[in-house]
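S.K.: After the sequence you'll find the predicted model.
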Amino acid sequence: MRILQLIDSLESGGAERMAVNYANTLAKKISFSGLTATRKEGELIHQIDKNVSYLFLNKKRKIDLKAIFKLRKYIVENKITIIHAHSSSFFTAVLVKLTLLKIKIVWHDHYGTRFKESWKENKVLIPLSVFFSSIFVVNYQLRDWSQKKMLCKRVVFIPNFAIKENNVDEITNLKGVDGKRIVFLANLKNPKNHILMLKAFLDLKLQESEWTLHLIGRDYFDEYSVLLKNFIDSNKLEKHIHLYGERKDIQFILSQAEIGVLTSTEEGFPVTLLEYATNKLGVVSTNVGFCPEVIKNEITGLLFNPLNDFELKNQLQKMINDKVFRKDMADKLKVLGDNNYSKEVAVEKLLSEYKRLNQ
């Protein structure tokens with residue numbers, strides 16, 4: 001099999017991380033594994049395996065003929081049979097297919113909010129779905145939405161997975177006291193809902209017991225970012241809540257923390273939870289999207305309604321207060337992740353779908 005992962009950027013988002021994960025894993029299992037970034041590169045470029053064939057299109061506009069024909073040439077030269085297009089990159093994939101009709105497109109939907117949207121918000125996607133051979137989704141809500149709305153009726157749930165690297169970079173040393181660090185791994189943007197966590201930290205007066213909060217993720221230096229920084233400054237929390245921006249040594253960062261949090265108001269299937277699981281963190285998570293399938297409340301972690309600040313504070317306090325309970329949940333989450341959301345489970349399902357398309 002000769003497969004290309006297509007993604008619009010290599011910034012550290014969930015869809016982007018999965019595109020890299022798939023390309024790297026498939027490089028060891030199929031005859032050709034390629035990865036193409038259409039518009040932007042980013043921190044994830046450093047995580048691409050040396051056995052993956054990589055191409056950057058540097059696409060400048062929505063319809064960029066130079067980029068399209070550059071991709072077409074790459075596909076022909078490498079005898080690629082399937083484009084696995086992640087999220088918004090479907091548009092580029094379809095434009096290439098119009099010049100190369102034999103190529104097959106798999107579209108992978110990572111966008112957790114889509115199940116709430118109508119035809120109007122997807123007026124380009126839905127008509128172009130007639131060119132898809134299959135649709136992959138990261139949770140059951142997205143599966144149901146695609147089956148009802150899309151013109152391609154082959155819809156398959158493929159679970160996300162996290163990869164634990166053997167050679168871990170050790171660059172970012174977290175501030176604060178060992179054993180009292182909370183990490184929040186998410187880019188600074190909606191719908192990640194960081195402000196809810198900041199308010200809970202303040203209301204619980206966690207700084208008085210030496211706990212610290214560490215925000216890891218891309219800073220877009222916009223209104224969202226300013227709101228968080230103003231909150232930290234105005235409440236004199238600079239020594240207790242730390243922003244690190246986008247980082248590549250995620251495993252090393254997580255190895256220094258005790259608790260991982262996620263407060264999003266919308267999610268697809270956050271790879272963040274699997275990364276917390278891999279590193280045996282106690283997890284306090286939003287209950288949206290696929291999160292309740294991974295975090296079984298009071299078994300593998302603690303869940304809360306992201307629109308209810310009291311629930312978050314209650315669950316966070318419970319996680320902080322009981323170290324034995326926290327460790328037990330972290331151990332169970334690691335087992336659940338290994339058994340149900342491992343690289344092997346996801347890739348076996350993925351290869352099965354690829355084989356069906358190549359027949």
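M.R.: Perfect, I can see it now.

S.K.: Please compute how far stretch 155-167 lies from its chain's middle.
M.R.: Relative to the centre of its chain, stretch 155-167 is centred 10 Å away, using Cα atoms, centre = their mean, to the nearest Å.

S.K.: Just the buried residues of it, please?
M.R.: Across stretch 155-167, burial judged by 16 or more other Cβ atoms under 10 Å covers 155-156, 158-163. Backbone N, C-alpha and C define where each C-beta goes, glycine included.

S.K.: Please convert those residues to JSON lines, extending it with distance to residue 74.
M.R.: Formatted as JSON lines, those follow (distance: Cβ to Cβ, whole Å):
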{"residue": "155", "distance to residue 74": "28"}
{"residue": "156", "distance to residue 74": "26"}
{"residue": "158", "distance to residue 74": "25"}
{"residue": "159", "distance to residue 74": "29"}
{"residue": "160", "distance to residue 74": "27"}
{"residue": "161", "distance to residue 74": "27"}
{"residue": "162", "distance to residue 74": "29"}
{"residue": "163", "distance to residue 74": "25"}
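
S.K.: Nearest to residue 286 among these?
M.R.: When these are ranked by distance to residue 286 (Cβ to Cβ), residue 160 comes first, at 15.9 Å.

S.K.: Quick one, grab the pLDDT at that closest one.
M.R.: pLDDT for residue 160: 93.

S.K.: Let me know whether it touches residue 275 as I believe.
M.R.: No - Residue 160 is beyond contact range of residue 275, at 10.3 Å (criterion: Cβ atoms under 8 Å).

S.K.: could you show me where the helices are in the stretch 1-150 of the chain, in order?
M.R.: 14-26, 65-77, 90-97, 125-128, 140-149 (DSSP state H, counting those that start in this stretch).

S.K.: could I get those helices as TSV with mean neighbour count, distance to residue 228 and mean pLDDT?
M.R.: Shown next, in TSV, are these (neighbours: other Cβ atoms under 10 Å; distance: least, Cβ to Cβ, whole Å; pLDDT from 0 to 100):
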stretch	mean neighbour count	distance to residue 228	mean pLDDT
helix 14-26	24	20	95
helix 65-77	16	35	97
helix 90-97	22	32	98
helix 125-128	18	31	98
helix 140-149	17	28	96
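
S.K.: which one of the ones you listed lies closest to residue 59?
M.R.: Here helix 65-77 is closest among those (Cβ to Cβ), at 4.1 Å.

S.K.: For the closest one, give me every contacting residue.
M.R.: Helix 65-77 is contacted from outside by 4, 34, 36, 38, 55, 57-60, 80, 83, 92, 95-96, 99-100, 103, using Cβ atoms under 8 Å, 6 or more residues apart in numbering.

S.K.: could you redo the last one with a cut-off of 7 Å?
M.R.: The contact list for helix 65-77, computed with Cβ atoms under 7 Å, 6 or more residues apart in numbering, reads 4, 36, 38, 55, 57-59, 92, 95-96, 99-100, 103.

S.K.: Only whichever of those are buried, select them in ChimeraX.
M.R.: Command for ChimeraX that selects the buried part of the contacts of helix 65-77, burial taken from 16+ other Cβ under 10 Å:
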select :4,36,38,55,57,59,92,95,96,103
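
S.K.: now for the contacts of helix 65-77, which pair is the farthest apart?
M.R.: The farthest-apart pair in those, when distances are taken by Cβ to Cβ, is 58 and 103, at 21.1 Å.

S.K.: where in the stretch 101-250 of the chain is pLDDT low?
M.R.: Scanning the stretch 101-250 of the chain for pLDDT under 70 picks out 165-168.

S.K.: partners of residue 183 in the sheet?
M.R.: Beta-bridge pairing of residue 183 under DSSP bridges involves residue 214, residue 260.

S.K.: one step back: I'd like the helices of the stretch 1-150 of the chain as JSON lines, with distance to residue 236 appended.
M.R.: Compiled in JSON lines, those are given as follows (distance: least, Cβ to Cβ, whole Å):
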{"stretch": "helix 14-26", "distance to residue 236": "33"}
{"stretch": "helix 65-77", "distance to residue 236": "49"}
{"stretch": "helix 90-97", "distance to residue 236": "47"}
{"stretch": "helix 125-128", "distance to residue 236": "46"}
{"stretch": "helix 140-149", "distance to residue 236": "41"}
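
S.K.: Quick one: closest of the ones you listed to residue 197.
M.R.: Nearest of the helices of the stretch 1-150 of the chain to residue 197, taken as Cβ to Cβ: helix 14-26 at 18.1 Å.

S.K.: where along the chain do the strands fall?
M.R.: Taking DSSP state E to define them, one finds strands in the chain at 2-7, 32-37, 53-56, 82-86, 104-109, 132-137, 155-157, 181-185, 212-216, 241-245, 259-262, 282-286, 302-304.
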